[in-house]
Every structure is written in structure tokens, then in C-alpha cells.
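J.: Structure for this input, please:
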Amino acid sequence: MSLVLADILAAARAIRGVAVRTPLVPSPHLSALAGQDFLLKLETTQPIGAFKLRGAANAILNLPAGVAGVTCCSTGNHGRGVAHAARARGLKAVVCMSSLVPQAKVDGIRALGAEVRITGRSQDEAQAESRRIAAEEGFVEISPFDDPHVIAGQGTIGLELMQDRPDLDMVLVPLSGGGLAAGIALAVKTIKPSARVIGVSMDRGAAMDASIRAGRPVEVEEVASLADSLGGGIGLDNRLSFPLCRDLLDDVVLVTETEIYRALQTLFYEDRMVAEGACVVGIAALQAGKLSRPRGPVATIVTGRNVDMTIFHRIMGGQDVTLGDLTIEGRAYAA
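T.: Model prediction:
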């Protein structure tokens, strides 16, 4: 099936009152670096602290009556969105997660009343458990990215961007399974075809980037990352987010863990914001000189605030951070 702008407009109407319209604010420091207005879309202000509420709420609001419950796999924020929206509708929710997911995100989902099942060491293994629950227990599975209602819900961010700043030249979107990037790109490119939409991900385990390069969905090894929300595969049977990202994204840029570390410091010390590593990949790409020169205003999506505060404090203190077999050398922030 295909998605069109009308689906995103319908999602905007459906989720009004559940998800909030988030602020778009300038960053003076990053604007000076970009040579253009550099704007931060603050999805950190959503009730669950992340953009994922938009897609999850739209999917659950579109479920037929009589559904026993919902299930999903998640690296954290999608599960939080599903748990929040399911509780509001009186539905049971089971969220499947890998052992790589930070404990803070597991605890946050449980606090919203959902059951959490830890399965394996990858998003793919968690997805297999979610599908088993859907097949054997009669629950409806809600994909974190490859679902038309989820993509349309995330696309409402693109609508808001173009309403608030129709002069945008470039939109930087954290890229994982592609639900966010697909929805935003569909909205932005339909309204303003000349605007450039760039997907940004970490340089280890970036499944959508590898799939676009291969011309088909492929599996990648999932490893620990400061941008843990961007981990996981896109599904070998991906029907929607892969072709939309392949066809609509103008480019995909990859950033290193060290560049993510520095960008987290920049957002905190320059803009006084606490955010997840996945949120700052657009800032990392700008600081690393990996973007083409913008011709007009640039916006990046600050996707969520549900960060592991122990690691966050180490980064802000300029301390080393170890991620599996990789140690990121600490450095005190300097503008």
C-alpha cells in the first residue's frame, strides 16, 4: 500500500489532544555554525518524552473495537508510546525488548502499566517474540516503523515543521527503522519538493543505510551505541518505511560515537537541554562538517529525553564511556 499527505493530515486530526504540537526553537550557537537559522524541533516535550507517541497513538486509535491487547518490539520509546496509548484506551500492552536496551527505558515502560519481555540481544529477536505473541495470543502487533498509521503519525512532525517554517531548506532526521524519516520526508517533500530531507544515523549498525545501499532490506549486527534508540534492523519483509526512505531521502549521513558524544555536550552546554544520543545525530553531522552547505534554514528533530542519566552525567563531566568493545575517550566541553 502507499501513503499520501492525506493520511498524515488524518493522523494530525486523530492524535490532537493525545500528542502535543511541539516547539520549534532556534539554537544561536548552532545557527552561527551553520551560517543559517538552525532550529530544534523539541519532541522531548511530548507527554512520554519522545516523538513515538504520535505514531503509536495514531495506530491504537485506528484499531477496531474488541481487540484483546497490543504488542510491539522496541528499543525504548516506541514501547513507551504504545504503553501510554494502550493504557488510555484500556488495552493490555506487551513490549518486547532486547537485553541491549538501557534499564531506564525498561523501567519507564513498566511504569506506564505495560508488561515487558526481554528477549535476546537484538531488535530482530525482540521482534520475533512480538510476532509470536500476536500469532498465538491474539494481540495486534504495532510495528515501530513499518506500519502505515505509525508512519502517518510521525509524519505530523513534518506538517508542523512546514507550517512553522515554510522557508526550511533542510531537515535532519534521526534514522533507524525509518518510520520517522519516511513520515517526515513524505510530508515535507509533498509540501515543498525543493526542501532536502537528510537521514542521520550512527556509523555502526545503521540498518536503513545498509539496506538503501544494498537496494533491499538487509540484516546488520546490532551493537551498543550512545544512539541506542537507532539500533535494530528494519525487517527483511519491510513493506513501507524502506521504499519511502529509499525514494524520498536526499542523503544518509553517518556519524561516529565520538561525534555523538560531542554533540550531546553541545546541546546541553549551549542550549541547556537533556536529550538522548539519538536526538543529536543531526547536530553531530553539522559539527563534523558532514552536511552540504545549507541554502536556508535547517531543522533537526530532538526526538526524546529518556536518556540513561548515569551515562549522560559521565559525558557532561568529560569522562570516558565504554560501549561493549568500544571506549569513547572523554573530553571536557569546549565550544
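
J.: which secondary structure elements does the helix or strand containing Ala181 contact?
T.: Using DSSP states H and E, Ala181 maps to helix 179-191. In this structure, helix 179-191 makes packing contacts with helix 5-15, helix 148-164, strand 170-174, strand 196-202, helix 241-248, judged by 3 or more CB pairs under 8 Å, 6 or more residues apart in numbering; DSSP states H and E. Using the backbone N, CA and C atoms, a C-beta is placed for each residue, glycine as well.

J.: For that helix, C-alpha coordinates in PDB please.
T.: Extracted C-alpha coordinates of helix 179-191, given in PDB (Å, rounded to 0.1, in the frame of the first residue of the first chain):
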ATOM      1  CA  GLY A 179       9.200   5.300  10.300                       C
ATOM      2  CA  LEU A 180      10.100   8.900  11.500                       C
ATOM      3  CA  ALA A 181      12.200   9.600   8.400                       C
ATOM      4  CA  ALA A 182       9.600   8.200   6.000                       C
ATOM      5  CA  GLY A 183       6.700  10.200   7.500                       C
ATOM      6  CA  ILE A 184       8.600  13.500   7.700                       C
ATOM      7  CA  ALA A 185      10.000  13.100   4.200                       C
ATOM      8  CA  LEU A 186       6.600  12.400   2.800                       C
ATOM      9  CA  ALA A 187       5.100  15.500   4.400                       C
ATOM     10  CA  VAL A 188       8.000  17.800   3.700                       C
ATOM     11  CA  LYS A 189       8.600  16.700   0.100                       C
ATOM     12  CA  THR A 190       4.900  16.800  -0.800                       C
ATOM     13  CA  ILE A 191       4.500  20.300   0.600                       C
END
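
J.: Run the chain-centre distance for it.
T.: Going by CA atoms, centre = their mean, to the nearest Å, the spacing between the C-alpha centre of helix 179-191 and its chain's C-alpha centre is 13 Å.

J.: Roughly how far does Gly79 sit from Ala114?
T.: According to CB to CB, to the nearest Å, Gly79 stands 7 Å off from Ala114.

J.: just Arg331 next, same as before
T.: In this view, Arg331 and Ala114 are 38 Å apart by CB to CB.

J.: Have a look at these two and say which one is more surrounded.
T.: Each of Arg331 and Ala114 had its neighbours counted (other CB atoms under 10 Å), and the higher figure belongs to Ala114 (26 against 14).

J.: Excluding sequence neighbours, find me the nearest residue to that one.
T.: Here the nearest residue to Ala114 in space, its sequence neighbours aside, is Ala83; by CB to CB, 6 or more residues apart in numbering that works out to 3.6 Å.

J.: for the helix or strand hosting that neighbour, packing partners?
T.: If you go by DSSP H and E, Ala83 is part of helix 77-89. In this structure, helix 77-89 makes packing contacts with helix 52-61, strand 69-73, strand 92-97, helix 103-111, judged by 3+ CB pairs under 8 Å, 6+ apart.
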